[in-house]
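1. sequence and predicted structure below; questions after.
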Amino acid sequence: MTELDSSDVVRARLVFSYDGTDFAGWAAQPALRTVQGELEAGLSRIVRDPATGEPAPLRLTVAGRTDAGVHARGQVAHVDVPAAAWAKMPGRSDRTPEVGLRDRLDGVTPADITVHDVTVAPEGFDARFSATERRYAYRVCDDRALRDPLARRHVWWVDDSLDIDSLNAASATLTGLRDFAAFCKAREGATSIRELKEFSWARLSSGPDTGLVVATVRADAFCHSMVRSLVGAVMPVGQGRRDLTWLAEVAESAARSQAVAVAPAHGLTLEQVSYPADADLGSRASRTRARRDSSDVLAGSEGC
């Protein structure tokens, strides 16, 4: 594709969801089915290079990369579309380019991906670096009578009953700004220091998840496998098999603890990505990039 400057493109903000069961994670990989691969293949089918008329090899930037089997309900990404191609998105209809891109992309992607919304991104918006917070949910069923085979791809079934107070007591010891090396898959040159804003549990009494034990996990960014490792670390405390002293010893480890069994991927869902006010998007992105460059904080690259 001919190189374009910023005046030749429209930055589109995409909101979408996916069932991660049959994907090898978000990131495109040779010979593997990934969310990024499917979406970018879909874009290449509907967006043409204005200079050549050939499919435009567009690249998505995502808010949070997810691992194989992890789901997303409110994932966000951006893509720079050539302005000439953007203007053609409505086709012969009276749709806006935003609706045209949404409808056409959703029409060529598989059933386990749904594109909910496309908008023109505000100035300075970067799906990854402008984000202030990612919120995940982890769903567990500890009651055999509530096991629903229709939800089995999104809920971890466990045999032992969970004590919510014990789970919350354990999780509270892990929140705040700290080194999460014990709960992260090591990456050369990358820091494992993060600020965990919330790690809480509740047994839901209404809605589609009634009876399930659900964790809410919020942070500005996560390191690799962090959420599932955190869940795996507190589960034995909630089951009465371990105590807070054991958990404190695990958390102090300078490397990923072999005492922690990482929770299965299928119970984890990226629920929401938060951003600041439009006027602050650019400055937020600049600050995040600066932190990454100075301390190798890979915001949004959690691979949870």
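-> Ah, there it is. Residues are numbered from 1 along each chain as shown.

2. distance of the residue of the chain positioned farthest from its centre from residue 100?
-> No residue in the chain sits farther from the centre than residue 92, which is 35.3 Å out by Cα atoms, centre = their mean. Per Cβ to Cβ, to the nearest Å, residue 92 is found 10 Å from residue 100. Quick note: C-beta positions are derived from backbone N, CA and C, even for glycine.

3. residue ranges with poor pLDDT in this protein?
-> 1-7, 189, 292-304 (pLDDT under 70).

4. now the strands: where do they sit in this structure?
-> Along the chain, the segments classed as strands by DSSP state E run 9-18, 61-62, 71-82, 113-120, 133-141, 156-157, 176-179, 193-203, 213-219, 268-274.

5. want to throw those strands into TSV with mean neighbour count and distance to residue 230?
-> Below are these laid out as TSV (neighbours: other Cβ atoms under 10 Å; distance: least, Cβ to Cβ, whole Å):
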stretch	mean neighbour count	distance to residue 230
strand 9-18	21	23
strand 61-62	20	22
strand 71-82	23	17
strand 113-120	17	27
strand 133-141	22	9
strand 156-157	18	14
strand 176-179	13	12
strand 193-203	18	6
strand 213-219	22	7
strand 268-274	22	11
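
6. for those, which one sits closest to residue 44?
-> Judged by Cβ to Cβ, the one of the strands of the chain that comes nearest to residue 44 is strand 71-82, at 11.2 Å.

7. in its sheet, what does the closest one sit against?
-> Strand pairing for strand 71-82, using DSSP bridges, gives strand 9-18 (antiparallel), strand 61-62 (antiparallel), strand 268-274 (parallel).

8. how about those strands in a markdown table, adding distance to residue 241?
-> As requested, the strands paired with strand 71-82 are exported to a markdown table (distance: least, Cβ to Cβ, whole Å):
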| stretch | distance to residue 241 |
| --- | --- |
| strand 9-18 | 34 |
| strand 61-62 | 37 |
| strand 268-274 | 22 |
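
9. how close does residue 68 get to residue 24?
-> Separation of residue 68 from residue 24 (Cβ to Cβ) stands at 5 Å.

10. revised request: answer the last question for residue 232.
-> Taking Cβ to Cβ, one finds residue 232 at 21 Å from residue 24.

11. then residue 74?
-> Applying Cβ to Cβ to residue 74 and residue 24 gives a distance of 21 Å.

12. just residue 130 next, same as before
-> 27 Å.

13. those two: who's more crowded?
-> residue 130 (29 against 17; other Cβ atoms under 10 Å).

14. mind checking the longest helix of this structure?
-> Secondary structure of the chain read by DSSP state H shows that its longest helix is helix 281-295.

15. and that one, what's buried?
-> 281-282, 284-285, 288, 291-292 (16 or more other Cβ atoms under 10 Å).

16. out of the strands of the chain, which comes closest to residue 169?
-> strand 193-203 (9.9 Å).

17. list the contacts of that closest one.
-> By Cβ atoms under 8 Å, 6 or more residues apart in numbering, the surrounding residues in contact with strand 193-203 are 133, 162, 164, 167-168, 171-172, 174-180, 211-223, 226, 230, 234, 238, 295, 297.

18. what strands flank it, and is each parallel or antiparallel?
-> Short version: by DSSP bridges, strand 193-203 pairs with strand 176-179 (antiparallel), strand 213-219 (antiparallel).

19. turn those strands into a markdown table, columns for distance to residue 85.
-> Below are the strands paired with strand 193-203 laid out as a markdown table (distance: least, Cβ to Cβ, whole Å):
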| stretch | distance to residue 85 |
| --- | --- |
| strand 176-179 | 44 |
| strand 213-219 | 36 |
